[in-house]
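Q: here is a sequence with its predicted model. Questions after.
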Amino acid sequence: MRALIVDDEALARERIRSLLAAEADVVVAGECANGDEAVAALRRRGADLVFLDVQMPGRDAFDVIRDVGPEQMPAVVFVTAYDRYAVKAFEVHAVDYLLKPFDGERFREALARVRSRLLDRAGDGGPLVPLLRELAARPAQPERLAVRSASRISFVRVEEVDYAEACGNYVCLHCGSERHLMRETMNALEARLDPRRFVRIHRSALVNVDRVKEIHPLFHGDWEVVLRSGVRLTLTRTHREEAQRLLTGRPQA
């Protein structure tokens, strides 16, 4: 098998490459440090298997799949540091994944599943195809949000949003000193935004993790979130585990 390694971290690529060196029937066909390189390599169809990092700057794994096309993808082993939602989706679709940090035994198990799948399905991708089709059909996360008023539609760049809070039937976007009202539910807005950048800290509040300066314990399991602007928000215990994991960059246990 020809394996392509795609990961923006050099150490992660080296780890996979060293583990593949012990596999007599696998050769490394190439390495890619970002999604752009991955798309170019996969379009050349020079791989039977790709170890595909989920989280990458620019094009992530889902963007790579959309751009290459699900039918053109080789067998895929997803690699992720903490994206538990993606992991659940992979399990449902019987797609294998490696959760960083992974050991040699788990790596060999994933490789054995790929071998079995390729033999059983004669390289047609088997259960991979439904997932890849689903991912390819997902809309890309927006870079801008449209804010409608009676006389105009203005646009807010997602990266400029400090936090969002529910305001009745609206969501208020806080962007520095500016405020923008969107007629949308908090759940709908959360579903549209990148889960690696925005995290729910309260049923009525969604925060840009890049704007968080520090967090402090309060009472009864709640925490205080202090933004770089000085705004203080409450992280409730219901959302504490997921929010702290994302804020601190901890892998899922």
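A: Everything's here; your move.
Q: so which residues of the stretch 101-250 of the chain form strands?
A: Using DSSP state E, counting those that start in this stretch, the strands of the stretch 101-250 of the chain run over 144-148, 153-157, 163-167, 170-175, 178-182, 198-202, 205-208, 212-217, 223-227, 232-235.
Q: tell me which of these approaches Asp48 most closely.
A: Asp48 lies closest to strand 198-202 among the strands of the stretch 101-250 of the chain, at 36.5 Å (CB to CB). All C-beta atoms are positioned from the backbone trio N, CA, C, and that covers glycine.
Q: need phi/psi at the closest residue to Ala10 other than its chain neighbours.
A: Sequence neighbours aside, Ala33 is the residue nearest to Ala10 in space, at 7.5 Å (criterion: CB to CB, 6 or more residues apart in numbering). Per-residue torsions, Ala33: phi -100, psi 0 (degrees, to the nearest 10).
Q: so what's the residue nearest in space to the middle of the chain up against?
A: Note on the chain: the residue nearest the mean C-alpha position is Gln55, at 4.9 Å, using CA atoms, centre = their mean. By CB atoms under 8 Å, 6 or more residues apart in numbering, the contact set of Gln55 is 61, 80-81, 83, 196.
Q: how far away is it from Ala112?
A: 25 Å (CB to CB, to the nearest Å).
Q: same question for Val207.
A: To Ala112, Val207 is 41 Å away according to CB to CB.
Q: looking at the two, which is more packed in?
A: Shown here are Val207 and Ala112; by other CB atoms under 10 Å, Val207 has more neighbours (27 against 11).
Q: what about the closest residue to the more buried one other than its chain neighbours, how many neighbours?
A: Leaving out its chain neighbours, the residue that sits closest to Val207 by CB to CB, 6+ apart is Tyr163, at 4.5 Å. Other residues within reach of Tyr163, judged by other CB under 10 Å, total 23.
Q: the residue nearest to Ala10: neighbour count?
A: Residues near Ala33, counting by other CB under 10 Å, number 16.
Q: looks like it contacts Leu11 (just checking).
A: No. Applying CB atoms under 8 Å, one finds Ala33 not in contact with Leu11, separated by 11.8 Å.
Q: before we move on, back to that, what residues are up against the residue nearest to Val207?
A: 174, 205-208, 211, 227, 231, 233.
Q: can you flag the buried ones in those?
A: 174, 205-208, 211, 227, 233 (16 or more other CB atoms under 10 Å).
Q: quick revisit: of all the strands of the stretch 101-250 of the chain, which lies closest to Ser116?
A: Comparing the strands of the stretch 101-250 of the chain under CB to CB, the one sitting nearest is strand 198-202, at 37.3 Å.
Q: quick one on the thing from earlier: gap between the residue nearest to the centre of the chain and Ile201?
A: 21 Å.
Q: can you check the pLDDT for the residue nearest to Val207?
A: Tyr163 is assigned a predicted lDDT (pLDDT) of 97.
Q: give the buried residues for stretch 161-171.
A: In stretch 161-171, counting by 16+ other CB under 10 Å, buried: 161-166, 171.
Q: ok, the residues you listed vs Gln141, which is closest?
A: Val161 (12.7 Å).
Q: quick check on the closest one: phi, psi?
A: Dihedral angles (degrees, to the nearest 10) for Val161: phi -80, psi 120.
Q: residue contacts, the residue lying closest to His220 once chain neighbours are set aside?
A: Closest residue to His220 apart from its sequence neighbours, by CB to CB, 6+ apart: Arg237 at 7.0 Å. Arg237 is in contact with 220-222, counting by CB under 8 Å, 6+ apart.
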